[in-house]
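[1] Please find the sequence and the predicted model below.
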Amino acid sequence: MAAIGAEGFDSIALADITDYWQAVGANSSIVAGAGRCGSAAFRNTSANGNGPSIGVTTSNAGGYATWAYQPESFGVTPNFEVQAADSSVLLFARVLTDGSVDIWKGPNTTLGTLLGSTPAGLVSVGHYTHIGVEWVFNAATGLVRIW
């Protein structure tokens, strides 16, 4: 399964994000010199966590997305979403205030189902963390993994 949305902002402009991801949220920019090795990096300053999103069709049963993440502060809004063709949210991942990552199936924490979470302290403010999410949508044998 190929990686979808693998981060590589050092060579693209903000308008090029939709070549790799479905859409980019408001308050987003590409910042020169802010990347892991002095290259450019994606930055979003929304309170809602509006980063790039990935869309899938119902025939696309799964995928794997990766990104490097350096939070300036923690929130509890989605950092990553998998959306259906009609823009409804199928799956989302959040980085919580304790530095843990959790994964939910469904549109939100009220109507969705918690699929799993990592221990606290996995992600630290001001440090880069590589996050990978693998998913397979299947009523009988679906899966989700966090790296």
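    Structure's in. What do you need? Numbering: from 1, shown residues only.

[2] low-scoring stretches of this protein, by residue?
    Scanning the chain for pLDDT under 70 picks out 1-12, 20, 47-52, 57-60, 76.

[3] Please enumerate the helices of it.
    Under the criterion DSSP state H, the chain contains no helices.

[4] Over to stretch 24-36 now: how far is its first residue from its last?
    Using C-alpha to C-alpha, to the nearest Å, one end of stretch 24-36 lies 21 Å from the other.

[5] Can you give me the buried ones in that stretch?
    Using 16 or more other C-beta atoms under 10 Å as the test for burial, stretch 24-36 gives 24, 28, 30, 34-35. Bear in mind the C-beta positions are built from the backbone N, C-alpha and C, glycine included.

[6] Distance to A15 added to those, as TSV?
    Formatted as TSV, those follow (distance: C-beta to C-beta, whole Å):
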residue	distance to A15
V24	9
S28	11
I30	9
A34	18
G35	18
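
[7] Which members of these are positioned in strands?
    Within the buried residues of stretch 24-36, residues falling in strands by DSSP state E are 28, 30.

[8] out of the buried residues of stretch 24-36, who's nearest Q70?
    Taking C-beta to C-beta as the measure, Q70 lies nearest A34 of the buried residues of stretch 24-36, at 8.0 Å.

[9] Against G33, how distant is the closest residue to the closest one other than its chain neighbours?
    Computed as C-beta to C-beta, 6 or more residues apart in numbering, the closest residue to A34 that is not its neighbour in sequence is A41, at 4.0 Å. Separation of A41 from G33 (C-beta to C-beta, to the nearest Å) stands at 8 Å.

[10] And G25, by the same measure?
    According to C-beta to C-beta, G25 stands 22 Å off from G33.

[11] what's the answer for A26, then?
    A26 is 23 Å from G33, by C-beta to C-beta.

[12] How many residues are close by L91?
    The local packing of L91 (other C-beta atoms under 10 Å) involves 25 other residues.

[13] when you give positions from now on, start the count at 34
    Taking 34 as the first residue, the last one we looked at is L124.

[14] How about the contacts made by it?
    With contacts defined as C-beta atoms under 8 Å, 6 or more residues apart in numbering, the neighbours of L124 are 114-115, 136-139, 168, 170, 177.
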